[in-house]
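Colleague: Here's my sequence, what's the structure:
(one chain, ligands or ions: 1)
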Amino acid sequence: MTHIYRAIKVSDHVYWVGAIDWSIRDFHGYTTPHGSTYNAYLILADKITLIDTVKKPFLEEMLARIASVVDPSKIGYIVSNHSEQDHCGCLSEVVGRVRPSKVFASAVGVKTLRDILHNDYPIQAVRDGETLSLGNMDLTFMETRMIHWPDSMFTFLAKDGLLFSQDAFGMHLATFERFANELPADMLEYEAATYYANIVLPYSPVVLKTLEKTAATGWEIKIIAPDHGPVWRKDLGFILGLYRKWAEQKPANKAVVAYATMWQSTECMAKAIAESLAQAGVTVKILSLNEAHRSEVIYELLEAGALLVGSSTLNNNMLPQMADVMTYIKGLKPAHLIGAVFGSFGWSGEAVKDLEAALKEMKVELAAETVSVRYVPNAEALQKCHDLGRDVASELAKRLSQS
Ligand code: FEO
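Modeller: Residues are numbered from 1 along each chain as shown. Purely as a prediction, here's the structure:
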């Protein structure tokens with residue numbers, strides 16, 4: 001029989017049996033212009049084991065891929081490394097169809113799965129460091145709380161040197177290429193960085209600890225198999241090094257100037273500020289929030305040192321597209337940034353005060369005096385914008401020399 005959906009061999013005993021989502025464009029607020037994959041993996045051990053499942057609409061695709069190598073009813077164990085719905089959404093249906101003898105998750109995962117799926121089948125909790133025998137090979141579990149949720153864990157298959165890393169080291173990228181070494185390095189870095197900035201960034205301190213904890217296990221990791229995007233099986237130092245760099249969040253000689261404008265006055269100010277920063281040797285990215293998505297802003301901030309925000313005042317508030325971005329960025333907790341605020345107004349001018357407060361709440365230290373302009377900036381106001389950019393550049397240079 002022809003199998004329309006096929007499993008792809010990842011290592012001696014492991015097959016990829018996930019699903020490709022070519023259509024998804026929004027992942028809880030993160031724009032995903034290149035789709036995604038939900039990776040599930042099948043271990044052909046004495047106890048045939050499924051690692052994670054897929055988003056609910058992709059159940060049949062996953063089962064079809066499994067059926068291309070083994071009758072799904074032969075699956076003995078299921079391991080849930082992460083309880084977010086893109087990985088557990090169809091778990092109850094899989095359990096109903098496959099009838100595994102056991103399902104495993106972390107202790108927090110057991111509770112989370114209950115709260116999400118309201119399931120009545122038993123799920124066995126595994127401890128950090130616990131080893132599970134699959135007969136002719138073993139799995140070892142490592143809790144990775146908050147990468148991405150409190151339930152998250154890694155699972156290591158020593159026999160193949162394969163680390164199942166759930167969300168960590170993943171990316172939202174729909175391709176038929178299943179392995180990172182089949183894709184251009186600049187594409188991998190961009191997609192992994194976008195994913196890190198939009199998903200992993202707030203947990204950067206945990207990432208650093210997890211990298212250390214993983215290294216301390218002494219596991220001989222030859223393959224990293226995440227739950228999204230391609231599998232890493234060559235030059236693992238590439239993605240591990242990027243994670244270390246992004247998690248450290250050292251300031252860089254780059255400023256992000258993000259603005260929302262009504263009648264181009266705030267835009268005019270943004271451009272004057274950006275020119276000044278560039279003249280002082282700072283790499284600048286200007287983002288008009290009338291066009292740019294919040295995901296792009298946080299991506300640009302991943303390796304930056306300054307965030308400058310400007311908004312016109314509309315109905316006693318900042319413009320809604322700026323409020324959207326500030327809410328999003330605040331949750332993702334970029335660290336070690338300095339900042340500044342600017343904006344135009346007609347008769348009240350609350351936006352700049354609100355932006356100052358928002359930056360302070362995000363622990364972004366203001367490095368220049370705010371510039372607020374009534375209606376349209378004249379030459380004097382643009383000079384103040386230039387001075388603002390100069391002051392931020394000067395403070396950034398000081399920070400970089402100290403880091
Ligand atoms: Fe891919 Fe946190 O789920």
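
Colleague: Enumerate every residue touching the residue of the stretch 151-300 of the chain found nearest the ligand.
Modeller: As assessed by Cβ to the nearest ligand atom, the ligand sits closest to Asp167 within the stretch 151-300 of the chain, at 4.5 Å. Where you see a C-beta, it was placed from the backbone N, CA and C, and this is true even at glycine. By Cβ atoms under 8 Å, 6 or more residues apart in numbering, Asp167 lies in contact with 82, 84, 147-148, 152, 199-200, 226-228.

Colleague: If we use 7 Å, what do you get?
Modeller: Residues in contact with Asp167 (Cβ atoms under 7 Å, 6 or more residues apart in numbering) are 82, 147-148, 152, 199, 226-228.

Colleague: Thr210 now?
Modeller: Taking Cβ under 7 Å, 6+ apart, one finds 144, 147 in contact with Thr210.

Colleague: can you do 10 Å?
Modeller: Counting by Cβ atoms under 10 Å, 6 or more residues apart in numbering, Thr210 touches 142-147, 152, 154, 165, 168, 203, 243, 247.

Colleague: quick one, helices of the stretch 101-250 of the chain?
Modeller: Taking DSSP state H, counting those that start in this stretch as the test, the helices found in the stretch 101-250 of the chain are 107-117, 185-195, 204-217, 236-248.

Colleague: Of all those, which one is nearest Ser344?
Modeller: Ranking the helices of the stretch 101-250 of the chain by proximity to Ser344 (Cβ to Cβ) places helix 185-195 first, at 31.3 Å.

Colleague: Please see if that closest one touches the ligand.
Modeller: No - using Cβ under 6 Å from any ligand atom, helix 185-195 never reaches the ligand; the gap is at least 9.6 Å.

Colleague: Buried residues of that helix, list them for me.
Modeller: Buried residues in helix 185-195, counted by 16 or more other Cβ atoms under 10 Å: 188, 191-195.

Colleague: what do you get for stretch 152-169?
Modeller: Here stretch 152-169 shows 152-157, 159-169 as buried, counting by 16+ other Cβ under 10 Å.

Colleague: Kindly report the same for stretch 234-254.
Modeller: Quick answer for stretch 234-254 (16+ other Cβ under 10 Å): 236, 238-240, 242-243, 246-247, 249, 251-254.

Colleague: Let's have those in CSV, adding distance to the ligand.
Modeller: Output for these, formatted as CSV (distance: Cβ to the nearest ligand atom, whole Å):
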residue, distance to the ligand
Leu236, 20
Phe238, 21
Ile239, 16
Leu240, 19
Leu242, 18
Tyr243, 16
Trp246, 17
Ala247, 17
Gln249, 21
Pro251, 28
Ala252, 27
Asn253, 32
Lys254, 28
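
Colleague: And these, which is closest to Arg390?
Modeller: Looking across the buried residues of stretch 234-254 and measuring by Cβ to Cβ, the closest to Arg390 is Asn253, at 14.8 Å.

Colleague: right, and that closest one touches Ala304 too?
Modeller: Yes - at 8.9 Å, Asn253 counts as touching Ala304 under the criterion of Cβ atoms under 10 Å.

Colleague: okay, and the common contacts of these two?
Modeller: Going by Cβ under 10 Å, 6+ apart, residues that sit against Asn253 and also against Ala304 are 282-283, 396.

Colleague: In the chain, where is pLDDT below threshold?
Modeller: Along the chain, no part satisfies pLDDT under 70.

Colleague: Could you chop it up by domain?
Modeller: Structural domains annotated on the chain: 8-247, 254-402, as defined by automatic domain parsing.

Colleague: could these go into a markdown table alongside distance to Thr2?
Modeller: Formatted as a markdown table, the domains of the chain follow (distance: least, Cβ to Cβ, whole Å):
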| stretch | distance to Thr2 |
| --- | --- |
| domain 8-247 | 10 |
| domain 254-402 | 39 |
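
Colleague: For the ligand, tell me which of the contacts of Asp167 show up nearby.
Modeller: Restricting the contacts of Asp167 to those near the ligand - Cβ under 6 Å from any ligand atom - leaves 82, 148, 227-228.

Colleague: Who wins on neighbours among those residues?
Modeller: Asp227 (29 neighbours; other Cβ atoms under 10 Å).

Colleague: And that one, how far from Val110?
Modeller: With distances taken as Cβ to Cβ, to the nearest Å, Asp227 is found 19 Å from Val110.

Colleague: Gly96 too?
Modeller: For Gly96, the distance to Val110 (Cβ to Cβ) stands at 18 Å.

Colleague: Show me which residues of the stretch 301-403 of the chain sit near the ligand.
Modeller: So the stretch 301-403 of the chain never meets the ligand (Cβ under 6 Å from any ligand atom).

Colleague: Helices of the stretch 301-403 of the chain, start to end?
Modeller: Counting by DSSP H, counting those that start in this stretch, the helices of the stretch 301-403 of the chain are 320-332, 350-361, 379-402.

Colleague: With Ile8 as the reference, name the closest of these.
Modeller: The nearest among the helices of the stretch 301-403 of the chain, by Cβ to Cβ, is helix 320-332 at 32.8 Å.

Colleague: distance between the helix or strand containing Asp86 and the chain's centre?
Modeller: Element membership of Asp86, judged by DSSP states H and E, is helix 85-88. Centre-to-centre, helix 85-88 and its host chain are 16 Å apart (Cα atoms, centre = their mean, to the nearest Å).

Colleague: Can you spell out which helices and strands pack onto that helix?
Modeller: strand 36-38, strand 77-80, helix 107-117 (3 or more Cβ pairs under 10 Å, 6 or more residues apart in numbering; DSSP states H and E).
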